Each structure stands twice: as C-alpha cells, then as structure tokens.
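In: here is my input, please return the structure:
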Amino acid sequence: MRGSLLLPLLAIPFANAFPANEQQSILANIAEYTELASSVFGGVPHAIEDTVRKIGKTVSKGKDVVEKWTSHVNGRDYLRQHGLVYELVTHHLFAKYQLRVTEPTLCDSSVQQYSGYLDITDGKHLFFWFFESRIDPENAPLVLWLNGGPGCSSSTGLLFELGPCNIADEGTNTTYNKYSWNTHANVIFLDQPVNVGYSYSSDGSKVDTSPVAGQDVYAFLELFLQRYPEYSKAPFHIAAESYGGTYAPNIASVIYKNNKELALAPTSDLTTINLASVILANGLTDPYIQMASVPDYVCNGPFPVYDDPEGPECSALRMKVPTCQRLIKSCYSSNSRFACVPAALYCWGQLFGPLQQTGLNPYDVRKTCDKQKDGPLCYKQMGWIETWMNNPANKKALGVNPERNFESCNMEVNQAFMFQGDGMHNAGALLPELVNDGIKLLVYAGNADMMCNYMGNERWVEALPTVFQSEFAASDPLLWVTTQGGLVAGEVRSAGGDGFTAGNVTFVNVWNAGHMVPYDQSEAALDLITRWIMDVPISVNATESALIREAKDILDRLE
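Out: Model (predicted):
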C-alpha cells in the first residue's frame, strides 16, 4: 500500500507539527487517506538527446540517428530526429534550452501553426502547439493556456474546450470550433510539467513542484518570442485551469521577476515579456480558504449534493474543516513537505472521499459519472482525445516521435505532486506584488463545479491583500450578458478601472457551467476572454443589472 510506505517518512516530522492526538489520528489512517486522496486529486474527480553541435555531423544514439545542418537558403539551423525534420532554435543566454519546431496544418489549416518541443539538457522535453489568431494576428494578444491535474495535457483544453477544433466521432475526426479562443488571440498550448501528454523525460527527470516549472516556461517563452518577434510586442496573458490555479501564479512570478531584472539591465538579447494578466479558471490557488468552502457548496450551493443542509452528511463534512485548515496553516507556515503532504491527504481524502461515493460527476455536479461508460475522468471525450493524438499521422504532423504514447492525464505525475504536498501551498500569495504593479487578475468559475467551486474561488479573491481589496470587498455582483447572443451568463465582481475597463481584480461566476467552462458554455467563455483581453467591461451597469434581475424574477414566477 502506498500509504504504508509514507508512514516512516511522515512520523517524526509530523510529531512537531500538530497536537499529539491529532497526529496519532491522522497517522493511524494515513493509508486510507492516501487511497482516497490519490484517486480524487486531479485524477478521478482521476535537451534533446546529445544533439550534435557540429554542423553537418551525424551521430547514432541507439536506434535513433540525429543530424543537424544549416540551411544555405535562410541561414537557419535544422535537425533530423526520429525520421522527422525540425527547425532548431537556440539562444546563447539559454544554453540549457532549445526549441525543435515544425509547422502542422491539423485542426484548423486556415491559421499559421507551430508545434514541437522545448528540450532541456537535464532530460526534459515539453511539447507545445501554437495557433495564430483568426482575426488580425499581427495585433492580437498572446495567450498561454495550461491545463492542470496536475498531470493533464493541455491538449484536453485544445480539443475539448477552447481550441480551434473539437474532438469528434470517437477520436477519428475533429470539427471546427467557431468559439475558439484564437478568434482574437494568438494561443500557445503547453504540456507541462514533463511526462504530461506528449512531453517526456529522456533520462528519468521529473518535476513535482510548481516553482520548478516556472523557469522552464520562462525559457520557452524567451526562445519562442526571439524566433517569432511578431508576437512579442502584444500583451501576454497566462490562462490556466484547475491545478493551473497553482501553476500559473508561480510561472507569472518568475516572468515578473525576470522582467524586473531586465528593466534594471536592458539588453537586446532578451525579450521583455509583456505580462498583462493572470487568468485562473476553476483553479486551486488558496486551499486554506477553498477547502473550507466544500461543505458550504455541496450543502447550500445552487446544486446541493445532499437534501438536508443540516443533515448528518453535511455535519460530518463541516467537522472535518477545522483539522483540514490547521494542517494547511502548518503547510503555509513551514513550506515543508512533511507538513504539506498530510494536509493534502487529509483534506482531499476526508472532504472529497465521501463525495465520490455519491456517484456524481465532481466536475459537473448536475450529472452522474458512470466510469464504465464515461471513462475514469467522467468524460468519454478524454478517451477520444487519446485516440486522435495517438494517430501516427497526427504525431508525425506535430513533430512527435511515432513511438511516443499519449495519455490525457498521467496519474504518476499527479501522485508525485500529491506526495510533495505541492497543492497545499498558497499560490495566491505570489499575486499581490504583481497585481499592485498593474498586472491584472481574472478568476472565473463555473457554478456547477464541485472540485474547485465558485464559492471558494470568490472568497480567496476577496481576501487577497492587494491595493484593490477594500474596493473588491465592497463590490456588488453585477450581471454579465454576452455581446452577441444576449445570454445572461453569470455574475461579475470587479475592482479597478472605474467601470471603464474589465477591472484589475475581477471574479466571474459562470452560470450553468462545470469545471470546464469553455466546454459547457462555449459562447459565453469566448465572450468573457475577448472582453478581458480587450480590457472592456464584462458586466452591465448597476441599473441594467437591477432591471434584468427584476425581469428574470418575474419570468421565474410565471414559470
């Protein structure tokens, strides 16, 4: 049992972290917590190998032959590996990194695309896929999209939520997505950390903490923007879903600090990444606040799991919150794995373990989850994505070794992060410095998501200690009506901008959507992201909001 293996690791450090009776209780049940939490935590609810530096030389590496040359036509370096040809992008200030790039025409052949790998000399290889904007790409903002898990590929977001095409026909085909986020933005989908999706390790290297991933993503952006400077002047937005609520603040913090250093010592050899905003979608960011919201959501939310909010199930859940928060507080204070791992195991196991037994889809509590029919992640389309991504022709077009196997979510990566306690750190603590310096924050959440519910997300945003905190706390929720369809799509709270912009700190409660908002509310999600990157108000004004609410109440009574 995995839990029994953890016991000797946790027993001694744990003794100093918690009262003895609490310690003994947790240790006595650690195996149970591990089994429960491992199945819940992001799962259900689940440089290049010795690249030849000498021009024109080839080398045999096992069965693989690597060849590099410089084109006499354009002066660029190229690489042949796995029988595939890539353009090779390097930078003298990032000697440990390089890009291998190809130009696919899959998914939406009407736009310019790039895909390939960021190779890192420590054996990590991160897959990316870029789509140019359908409209005015020369002036469109640049968006980096990350899925969470941890351990889930961003191809899930691409093919299932917000990319230029949607998976179809059990994975044998894709269809055009008219609500793709690359309508008005240049979008990069990145599979990170290593061993997620098409990303892989060539020497057993792994990443199991969010801070480590930040520098790799920064290097990727520098190489990409040096090679494609036409995308470097526009505003840059990091958008991340689910566990991306932990990833994105860490990555944004690295970019911010490097930008500050570059401002003090400017050089044409580096690109200032114009970090404009951080966008967190149904994210896990401040677990101390968010975990405490679980009983409130499942017992008193818009789609209650239990019939009686004061019944035994709800009472039992509420009784778990104080211990969970004590454990998380210790994690926040110590930043120690030996404090953070028990917090993760206890909170996920005790708060979400019972909810798994209900048979509901934790990502959309309005639905049931039949794992035999819907798959381990409660969405059969996840399996379709694996079918499409494992098609040899698609791998070849994307610059992927035909022998590499694609999985939508890697549970080994998931558990590696779990057993570092990574998800119990307060990633939100990285944001105030950025927000106070003008980088904007958008947090949105579908109101049918049980995993990272909207109540907890709204609460941590309200508690975030920025210069906008008091204004946000005093703000009333205003209605959001989509521009084209006129859909009353949710509620917005915002601070900053005096109502003339999308705000500096903005929270959006998306109605009738689960964990993956662009999947459930495609038109609304595109409306939201478009308004945000164009920095125009998302909500209607207070007078219009009151009138719409009144009309809605009348219609509801008539029904």
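In: show me what contacts the closest residue to residue 213 other than its chain neighbours?
Out: In space, and not counting its chain neighbours, residue 213 is closest to residue 193: 5.1 Å by C-beta to C-beta, 6 or more residues apart in numbering. No exception for glycine: its C-beta is placed from N, CA and C like everyone else's. By C-beta atoms under 8 Å, 6 or more residues apart in numbering, the contact list for residue 193 reads 124, 126, 150, 199, 206-208, 212-213, 413.
In: can you tell me how far residue 193 is from residue 430?
Out: To residue 430, residue 193 is 18 Å away according to C-beta to C-beta, to the nearest Å.
In: residue 133 too?
Out: In terms of C-beta to C-beta, residue 133 sits 29 Å off from residue 430.
In: residue 281 too?
Out: On the measure of C-beta to C-beta, residue 281 and residue 430 end up 17 Å apart.
In: more neighbours: which of those two?
Out: residue 281 (35 against 23; other C-beta atoms under 10 Å).
In: just checking, that one touches residue 244?
Out: Yes: counting by C-beta atoms under 8 Å, residue 244 is a contact partner of residue 281 at 7.1 Å.
In: next one: phi and psi at the closest residue to residue 332 other than its chain neighbours?
Out: By the measure of C-beta to C-beta, 6+ apart, the closest residue to residue 332 outside its immediate chain neighbours is residue 426, 5.4 Å from it. Dihedral angles of residue 426 (phi, psi; degrees, to the nearest 10) stand at phi -90, psi 90.
In: got the contact list for residue 426?
Out: 285-288, 332.
In: would you turn the contacts of residue 193 into CSV with distance to residue 110, pLDDT and neighbour count?
Out: Shown next, in CSV, are the contacts of residue 193 (distance: C-beta to C-beta, whole Å; pLDDT from 0 to 100; neighbours: other C-beta atoms under 10 Å):
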residue, distance to residue 110, pLDDT, neighbour count
124, 33, 90, 27
126, 27, 93, 28
150, 33, 79, 33
199, 27, 89, 25
206, 38, 70, 14
207, 35, 71, 25
208, 39, 66, 20
212, 37, 75, 16
213, 32, 80, 24
413, 34, 80, 24
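In: between those, which sits nearest residue 237?
Out: Set against residue 237, the nearest of the contacts of residue 193 by C-beta to C-beta is residue 213 (17.7 Å).
In: residues making contact with the helix or strand that contains that closest one?
Out: Per DSSP states H and E, residue 213 falls inside helix 210-227. Defining contact as C-beta under 8 Å, 6+ apart, one finds that helix 210-227 is touched by 89-91, 93-94, 96-99, 101, 118, 120, 124, 126, 128, 130, 144, 188, 190, 192-193, 207, 231-232, 236, 246-247, 250-251, 253-255, 258, 270-271, 273, 417, 422, 425, 427.
In: ChimeraX command for the buried members of those residues?
Out: Selection command for ChimeraX covering only the buried members of the contacts of helix 210-227, criterion 16 or more other C-beta atoms under 10 Å:
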select :89,90,91,94,97,98,99,101,118,120,124,126,128,130,144,188,190,192,193,207,231,232,236,246,247,250,251,253,254,255,258,270,271,273,417,422,425,427
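In: quick one on the thing from earlier: just the pLDDT for the residue nearest to residue 213.
Out: On pLDDT, residue 193 comes in at 81.
In: next one: it from residue 474, what distance?
Out: For residue 193 relative to residue 474 (C-beta to C-beta), the value is 39 Å.
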